[in-house]
Each structure stands twice: as structure tokens, then as C-alpha cells.
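**Q** Structure, please.
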Amino acid sequence: MIETGTLWTVIILLGLGSFGLRFMFTGLVGNRAMPDWLLRHLRYTAVAILPALVAPQVVWPVATGGAFDIPRASAAVAALMVGLLTKNVIMAMLSGVLTLYGLLYLLG
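**A** Below is the predicted model of the structure:
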């Protein structure tokens with residue numbers, strides 16, 4: 001069990017770090033033009049976050065005790081394919097959800 005003081009120290013330091021990162025772009029650099037190379041890299045940040053959050057749940061799902069299973073892998077592939085073909089995030093997510101729950105229903 002974590003002590004209360006340690007927990008609050010971590011929460012406060014993470015909050016300050018998060019504020020500092022945001023302040024760098026909005027407070028200090030907000031009124032200046034950013035270089036093209038930085039803008040190009042920042043454009044891909046949001047695209048990289050969702051796969052980074054989803055990948056561990058596909059490869060080592062908690063629901064199966066960390067064992068790989070076909071419904072989750074199939075849902076990931078379906079979402080990837082629909083996303084690549086349609087360039088529509090909502091459609092990709094919906095196809096993944098429908099595939100996952102459809103296969104869980106059929107196999108369960």
C-alpha cells in the first residue's frame with residue numbers, strides 16, 4: 001500500500017510536469033511561429049496515442065488473463081482495415097467494437 005504523503009507527492013509532481021509541458025507551447029511559444037519540422041511532428045501525436053493505448057489490450061488482454069485470443073485480434077484487424085480504407089476514425093472504432101462483441105457472442 002502506498003503512503004498518503006507519497007501518493008500526493010506523485011500527484012502534485014505529475015500535475016506540475018503536465019502544466020509545464022502545456023505552458024511551454026501555449027504560454028511561452030504561443031504567439032510565435034513554430035518551425036515546420038515541429039508542426040509536422042506534432043500533427044502525428046494524436047494518431048500515435050490511440051494505437052499505443054489499444055495495443056497492449058489486444059496482445060495481452062486482461063479479460064483473458066493475458067492470453068492472446070482471436071476476437072480481440074480480429075477486432076483490431078477490422079478496425080485497422082476500415083480505418084485505412086475509409087480514413088474515418090469513428091467507423092474504424094465502430095467496426096472494431098462490432099467485430100469484438102460479435103465474435104465474443106458467437107464464440108461464447
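**Q** Now for Asp69, how many residues are close by?
**A** 15 (other C-beta atoms under 10 Å). For every residue, glycine as well, the C-beta is placed using N, CA and C.
**Q** can you pull the contacts of it?
**A** Neighbouring residues of Asp69 by C-beta atoms under 8 Å, 6 or more residues apart in numbering: Pro61.
**Q** How much space separates it from Val58?
**A** 9 Å (C-beta to C-beta, to the nearest Å).
**Q** got the phi/psi numbers for Arg77?
**A** To be clear, residue 77 is Val; Arg isn't right here. Per-residue torsions, Val77: phi -70, psi -40 (degrees, to the nearest 10).
**Q** Please report how far it lies from Pro71.
**A** Taking C-beta to C-beta, one finds Val77 at 11 Å from Pro71.
**Q** ok, those two, which is more surrounded?
**A** Taking other C-beta under 10 Å, Val77 and Pro71 do not tie; Pro71 has more neighbours (20 against 14).
**Q** Can you report how many residues lie near Ala78?
**A** Quick note: Ala78 (other C-beta under 10 Å) scores 20 neighbours.
**Q** Setting aside sequence neighbours, what's the nearest residue to it?
**A** In this structure, Ala78 finds its nearest non-sequential neighbour in Thr99, 4.1 Å apart by C-beta to C-beta, 6 or more residues apart in numbering.
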